[in-house]
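In: Provided below for reference: sequence and predicted model.
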Amino acid sequence: MVNLEKTLFDLCQPLVEDKDSLSVKTMSSTNDNEILLYVYANSEDVARLIGRRGSMATSLRQMMSIAARNEHKRVSVKFEAY
């Protein structure tokens with residue numbers, strides 16, 4: 001069983017400057033086959049994680065989708081700045 005929260009955290013950590021401000025949380029979903037993952041970081045780091053035209057965010061979502069296939073789940077990744 002893959003820990004999706006830790007996997008996403010490990011993917012995001014090298015990309016941010018302030019590693020202490022980064023956190024990944026799993027939120028409940030109304031659909032049993034869907035997992036919602038929220039990435040919280042300061043605004044500069046969130047901008048870096050999203051990338052130009054969302055290219056980095058798209059790549060992170062694709063990697064997490066592949067990681068969730070073994071569990072037959074859909075993953076939604078959201079980015080939040082604080």
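Out: Here it is on my side, so go on. Numbers count the residues shown, from 1 in each chain.
In: tell me, which helix in this protein spans the most residues?
Out: For the chain, the helix that runs over the most residues, judged by DSSP state H, is helix 55-68.
In: for the record, mean pLDDT for that one?
Out: Mean per-residue pLDDT for helix 55-68: 96.
In: Same question for stretch 18-35.
Out: For stretch 18-35, the per-residue pLDDT averages 92.
In: Centre of the chain to that stretch, how far?
Out: Here the centre of stretch 18-35 is set off from its chain's centre by 7 Å, with Cα atoms, centre = their mean, to the nearest Å.
In: Endpoint to endpoint, that stretch covers what distance?
Out: By Cα to Cα, to the nearest Å, the extent of stretch 18-35 from end to end equals 26 Å.
In: neighbouring contacts of the longest helix of the chain?
Out: 2, 4, 7-8, 11-12, 15, 35, 37, 48-51, 74-75, 77, 79 (Cβ atoms under 8 Å, 6 or more residues apart in numbering). Placement of C-beta: from N, CA and C, glycine included.
In: Of these, grab the buried ones for ChimeraX.
Out: The ChimeraX selection below is limited to those of the contacts of helix 55-68 classed as buried (16 or more other Cβ atoms under 10 Å):
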select :4,7,8,11,12,35,37,49,50,75,77,79
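In: residues contacting the closest residue to E44 other than its chain neighbours?
Out: Distances taken as Cβ to Cβ, 6 or more residues apart in numbering place E17 nearest to E44, at 7.0 Å, with adjacent residues excluded. By Cβ under 8 Å, 6+ apart, E17 lies in contact with 44-45, 48.
In: List just the nearest of the residues you listed to V24.
Out: D45 (12.5 Å; Cβ to Cβ).
In: so how far is the one helix or strand that closest one maps to from its chain's centroid?
Out: Per DSSP states H and E: D45 is located in helix 43-50. Computed by Cα atoms, centre = their mean, the chain-centroid distance of helix 43-50 equals 12 Å.
In: Counting by contacts, list what it packs against.
Out: Counting contacts by 3 or more Cβ pairs under 8 Å, 6 or more residues apart in numbering; DSSP states H and E, helix 43-50 is packed against strand 34-41, helix 55-68, strand 74-81.
In: Now with 7 Å, please.
Out: Under the contact criterion of 3 or more Cβ pairs under 7 Å, 6 or more residues apart in numbering; DSSP states H and E, helix 43-50 touches helix 55-68, strand 74-81.
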